[in-house]
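1. The following block contains a protein sequence and its predicted model.
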Amino acid sequence: MKRKVTKAIFPVAGLGTRFLPATKSVPKEIMTLVDRPLIQYAIDEARAAGIKEFIFVTSRGKSALEDYFDHSPVLEQELRKKGKTELLETLKATDMESGAIAYIRQHKALGLGHAVWCARRLIANEPFAVMLPDDVIAGEMPCLQEMVAAYEESGGNIVAAMEVPPEKTSSYGVLDIREDHGSMVRVGGMVEKPKAEEAPSNLAVIGRYILEPTVLRNLNKLKQGAGGEIQLTDAIAEDIASDVPVYGYRFRGQRFDCGSKAGFLQATVAFGLSRPELREELAGYLHEIIQTDKAAQ
């Protein structure tokens, strides 16, 4: 019988150097997209998928991230006194139950595979999810929830996948497709950051994974891969050779790369336009900018 996926690892140890100077004092994961930190989008998606235990792999300087999920009695009391019940409910949604969240330190930046390996003792012998908060996905059904439903049918390792332009394959782990069944593909291999001419497909892995504990055993070998880092894709690919199935899941939704400034801005516009109370004013402003830009040309 397949076990339920109730644990998720959030690798958040990165320094966020692409967002300096902001990230000098503010962890990138709590930079706000409209009015919610990036990490809140990931947590909400995980909760919708049935995740009960949240494991953060952090590094020095991330205490603000830990504080974000703590209760704020003074602020809650002030909102209650002023009768701001709606804001109080919004605030409560950011609280985590005692014992639901754990923090593990990654002392050296040795890659995504190493970050996942750091949480191995808390995962033990269970299937688990990995979520990269930089990848924010907008869709009717949360991406991880779709993947958990697929896992309950298929088992094995499942990675979220999307088509990318061939010239962008060098920025991703890319799937070598053995069988294509539409939303699910059976994977015959995975290549980390291949050149366009060497990529086996243009189906790229993005930051959502459901993995069997066999992947952790593969990571125990701590082999260095592309860029001298310990690559998670290498450990997943090793399972293919051991006859543990690996699938790519074509999720339904739009993914924003909030690890880049352009992607963060695009997500801000898209999520702003999706909010009824902001749509009209924001759309009007964007229309005005476009018209002004056209007139200037």
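-> That came through fine. Numbers count the residues shown, from 1 in each chain.
2. Do you know the pLDDT at the nearest residue to residue 29 once chain neighbours are set aside?
-> Excluding the flanking residues, the one nearest residue 29 by Cβ to Cβ, 6 or more residues apart in numbering is residue 39, at 4.2 Å. Every C-beta, even on glycine, is put in place using the N, C-alpha and C of the backbone. Looking at residue 39, its pLDDT stands at 90.
3. And residue 39, how close does it get to residue 67?
-> Between residue 39 and residue 67 the distance is 12 Å, computed by Cβ to Cβ, to the nearest Å.
4. Check residue 291 too.
-> Taken as Cβ to Cβ, the span from residue 291 to residue 67 is 44 Å.
5. ditto for residue 91
-> 13 Å.
6. Tell me which of those two has more neighbours.
-> residue 91 (15 against 10; other Cβ atoms under 10 Å).
7. How much space separates that one from residue 151?
-> Distance from residue 91 to residue 151, by Cβ to Cβ: 33 Å.
8. and what of residue 288?
-> 46 Å.
9. Could you check which of those two is surrounded by more residues?
-> Higher neighbour count among residue 288 and residue 151: residue 151, with 24 against 10, using other Cβ under 10 Å.
10. got the contact list for the nearest residue to the more buried one once chain neighbours are set aside?
-> Leaving out its chain neighbours, the residue that sits closest to residue 151 by Cβ to Cβ, 6+ apart is residue 210, at 4.8 Å. Applying Cβ atoms under 8 Å, 6 or more residues apart in numbering to residue 210 gives the contacts 5, 127-129, 144, 147-148, 151, 157-158.
11. in these, which two residues are the furthest apart from each other?
-> 144 and 157 (14.3 Å; Cβ to Cβ).
12. who has more neighbours, those two?
-> For residue 144 versus residue 157, the count of surrounding residues by other Cβ under 10 Å is larger for residue 144: 28 against 24.
13. just checking, what's the longest helix in the protein?
-> helix 276-296 (DSSP state H).
14. How about residues contacting that helix?
-> Counting by Cβ under 8 Å, 6+ apart, 34, 269, 272-273 sit against helix 276-296.
15. Which pLDDT value belongs to the residue nearest to residue 275 when sequence neighbours are not counted?
-> Once flanking residues are discounted, residue 275 sits nearest to residue 34: 6.7 Å by Cβ to Cβ, 6+ apart. Listed pLDDT for residue 34 reads 91.
16. Run a quick neighbour tally on residue 34.
-> 15.
17. what comes up buried for the helix or strand bottoming out on mean pLDDT in the chain?
-> Taking mean pLDDT, DSSP states H and E as the measure, the chain has helix 63-68 as its least confident helix or strand, at a mean of 77. Neighbour counts using 16 or more other Cβ atoms under 10 Å place 65, 68 of helix 63-68 among the buried residues.
18. Quick check: which helices or strands does that helix pack against?
-> strand 53-58 (3 or more Cβ pairs under 8 Å, 6 or more residues apart in numbering; DSSP states H and E).
19. quick one: the helices in the stretch 1-150 of the chain?
-> Taking DSSP state H, counting those that start in this stretch, the helices of the stretch 1-150 of the chain run over residues 38-48, 63-68, 73-81, 85-92, 112-118, 120-123, 143-154.
20. Quick check: which of these is buried the most?
-> Highest mean neighbour count among the helices of the stretch 1-150 of the chain (mean count of other Cβ atoms under 10 Å): helix 112-118, with a mean of 24.
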